[in-house]
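**Q** fold the following, please.
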Amino acid sequence: MRGSRWGAAALLAALVLGAAGCGDGRSAAPARDTSTAGASDLPTPAATEGNGPMVPPLPDLSRTPKTPLPASTPSGQSSSQPSGPSSGQTFGADISWPQCPKGMGIPEKRTEGRPMPTAAARFVVVGLTNGPSFVANPCLEDQVRWVRDRHLLAAAYSVVSYPDDRTVAQLRDQGPFPGGTRLGALSNVGYQAALFNLDTMRRAGLQTPVIWIDVEPVTGFDWSPDVVANAAVVQGMSRGYRDAGFRIGYYSIGSLWTRVVGGLRTGAPEWRPAGERGLGEAISRCGADWSFQGGPGVLGQWVEDHRDRNVTCPGAMPDLDRWFHRY
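**A** Take a look at the predicted model:
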């Protein structure tokens, strides 16, 4: 994840995001039908079971990752000072179209029925897209209900992707940027993709103060070779969310961020994946040396038992209400 070199480093980073990526995609025509099975036909999830009826229960995976015990004082009483790398952190998860029941979504991104978060998760970051921009997560409403029924903390993320020519022609003048220029037109498409996601989010009843933007290349949904053009799309989406009153952050790693948007630096908060390397590595990537666009590390992610697990970075979220909506 660290760095922007091509070759072996880029290949390794691609494998990391392939295992831990929040989502993937490329822009498609707006208002595309995304479902072939009815998400509304799912049974209402029970509020007390960690996995819910959307997937088979896995009770042996419902434990919170171990946190070191507090040190003892000479008197035998526990010290009030936290100890260990996980002290003061909150565990959570992220979900999106891969967790929808099998057989839904666009042909390129059929849903997979992956397991929902375990009972260890206090927060869930919910994906708005079915891979590419302008295509909604086909079971978002059911996933929001799952989070709400368990009274979990909630946030949102969306994949951003490069638009095809037809989408650019349709949306180039719809936004705050000068549509007569190539970069302005691409920025307006990113802006409209944000508005599409906000409409999707509101219709599903998902509330959040922050929306994370997932920036990564995905096989079959290629970005352009022009990193400046790609950055225009990303910045357009960012402005769309901000103009609507949301704060934003970015999910990526160094080499893949550079591959997509070059040297773009925004200083926005960062959410960093560690693949299957575990909780300790996810926490270590909260450090400043893993920053990919000049922002602070806020969330770390790792893959465990076919789930995307997350942890708040040390000291990054003293007030969870700034980052999540409480259901």
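**Q** which residues touch residue 323?
**A** Counting by C-beta atoms under 8 Å, 6 or more residues apart in numbering, residue 323 makes contact with 155, 209-210, 298, 317. C-betas here are computed from N, CA, C, even on glycine.
**Q** run a quick neighbour tally on residue 157.
**A** 26 (other C-beta atoms under 10 Å).
**Q** where does it land in three-state SS?
**A** Of the three states, residue 157 takes strand under DSSP: H, G, I helix; E, B strand; the rest coil.
**Q** which residue is the nearest non-sequential neighbour of it?
**A** residue 212 (3.8 Å; C-beta to C-beta, 6 or more residues apart in numbering).
**Q** kindly report the same for residue 313.
**A** residue 286 (3.5 Å).
**Q** tell me where the chain has helices.
**A** Using DSSP state H, the helices of the chain run over 8-20, 140-149, 165-171, 182-204, 227-243, 254-261, 279-284.
**Q** tell me the mean pLDDT over the third one?
**A** Yep, that's helix 165-171 we're talking about. Mean pLDDT, computed over helix 165-171, is 97.
**Q** report the buried residues of it.
**A** 167-168, 171 (16 or more other C-beta atoms under 10 Å).
**Q** residue 232: which of those residues is nearest?
**A** residue 168 (11.0 Å; C-beta to C-beta).
**Q** what residues does that closest one make contact with?
**A** 185-186, 189.
**Q** of the residues you listed, which is the most crowded?
**A** Going by other C-beta under 10 Å, residue 189 tops those with 31 neighbours.
**Q** I'd assumed residue 233 was in contact with it.
**A** Yes. With contact defined as C-beta atoms under 8 Å, residue 189 reaches residue 233; the gap is 6.2 Å.
**Q** in strands, which of the contacts of residue 323 appear?
**A** Judged by DSSP state E, the contacts of residue 323 include 155, 210, 298 as members of strands.
**Q** just send these back as CSV, with neighbour count, distance to residue 262 and pLDDT too.
**A** What follows is those, written out as CSV (neighbours: other C-beta atoms under 10 Å; distance: C-beta to C-beta, whole Å; pLDDT from 0 to 100):
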residue, neighbour count, distance to residue 262, pLDDT
155, 25, 27, 98
210, 20, 25, 98
298, 19, 23, 97
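**Q** distance to residue 226 added to those residues, as CSV?
**A** Converted to CSV, those look like this (distance: C-beta to C-beta, whole Å):
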residue, distance to residue 226
155, 31
210, 29
298, 29
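**Q** what's the burial count for residue 136?
**A** Using other C-beta under 10 Å, residue 136 has 26 other residues around it.
**Q** any idea how far the closest residue in space to it that isn't next to it in sequence lies from residue 305?
**A** Closest residue in space to residue 136, ignoring its immediate chain neighbours: residue 200 at 4.4 Å, by C-beta to C-beta, 6+ apart. Distance, residue 200 to residue 305, using C-beta to C-beta, to the nearest Å: 29 Å.
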